[in-house]
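1. Provide a 3D model corresponding to the input given below.
(3 chains)
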Amino acid sequence: MVLKIPRAGRYWLFKTEPTSFSFDDLWRAPKRRTQWDGVRNYQARNLLRDEVKIGDGVLIYHSNHKPLSIAGIARVVREGYPDPTAFDPGDHHFDPDSDPDDPTWFMVDIEAVQPFDPPVQRDGLRKVPACSGMMLLQRGARLSVQPVAPQEWAAVLRLAGVAQR
DNA sequence: GCCAACGTTGGC
DNA sequence: GCCAACGTTGGC
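-> I've put the predicted structure just below:
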């Protein structure tokens, strides 16, 4: 399987608990797209608002799940814009302090590109020298939107048996 | 279910 | 601005 993934772009890893939203959910969504809403951490917010760009590659990581693994690839199809769930009192991620005229929380839209079958397990990444610096593997790295270096991205795709061109 | 690690809050 | 208390994340 060969994918057209822009090598000059930037790469990210988005965490999700598959019991709430999985890569399969994304794959089955209309147009295979979703709004990546609900991020409530300032560091992750800054990345979503300022750094994540259209066409960037995204590894979808399943946390709190066995085996811990990267389930597939997505790409960014819309850049940072206000997360409406922050303004919805009925939403689990409602934030009464977020002013609609000066939103606190941002999200991007992503589109599934390719599932990994089988998923790339986190434990396996530890054995790959190119991945030794991955934020995902660092102790206590809780950030839910993480930058991924090009060599890390390439190594993950290689492990997944996905060829880049 | 435990708990280490980390982020946020709020009193001072 | 410090820092203790608290809440959350997420691997184990």
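
2. my guess is residue A:141 contacts residue A:135, does it?
-> Yes - between residue A:141 and residue A:135 there is a contact at 4.8 Å, judged by CB atoms under 8 Å. The C-beta positions use only the backbone N, C-alpha and C, and glycine is treated the same way.

3. Dump the helix or strand hosting residue A:156 to PDB, keeping only the CA atoms.
-> Per DSSP states H and E, residue A:156 falls inside helix A:150-160. Only the C-alpha atoms of helix A:150-160 are listed here, as PDB (Å, rounded to 0.1, in the frame of the first residue of the first chain):
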ATOM      1  CA  PRO A 150       9.700  12.900  10.400                       C
ATOM      2  CA  GLN A 151      12.000  10.000  11.200                       C
ATOM      3  CA  GLU A 152       9.500   8.800  13.900                       C
ATOM      4  CA  TRP A 153       6.700   9.100  11.400                       C
ATOM      5  CA  ALA A 154       8.600   7.100   8.800                       C
ATOM      6  CA  ALA A 155       9.600   4.400  11.300                       C
ATOM      7  CA  VAL A 156       6.000   4.000  12.400                       C
ATOM      8  CA  LEU A 157       4.800   3.700   8.800                       C
ATOM      9  CA  ARG A 158       7.500   1.200   8.100                       C
ATOM     10  CA  LEU A 159       6.400  -0.900  11.100                       C
ATOM     11  CA  ALA A 160       2.900  -0.700   9.800                       C
END
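
4. for it, packing partners?
-> Using 3 or more CB pairs under 8 Å, 6 or more residues apart in numbering; DSSP states H and E, the elements in contact with helix A:150-160 are strand A:11-16, strand A:57-62, strand A:69-82, strand A:106-121, helix A:122-125, strand A:163-164.

5. most tightly surrounded among the ones you listed?
-> Stretch with highest mean neighbour count among the helices and strands packed on helix A:150-160: strand A:57-62 (a mean of 25; mean count of other CB atoms under 10 Å).

6. how much does it deviate in direction from strand A:11-16?
-> Counting by axes from the mean of the first three to the mean of the last three CA atoms, to 10 degrees, strand A:57-62 lies at 30 degrees to strand A:11-16.

7. elements contacting strand A:57-62?
-> Contact here means 3+ CB pairs under 8 Å, 6+ apart; on that basis strand A:57-62 packs against strand A:11-16, helix A:23-28, strand A:69-82, strand A:106-121, helix A:150-160.

8. how does it look with 7 Å?
-> Strand A:57-62 sits against strand A:11-16, strand A:69-82, with contacts defined as 3 or more CB pairs under 7 Å, 6 or more residues apart in numbering; DSSP states H and E.
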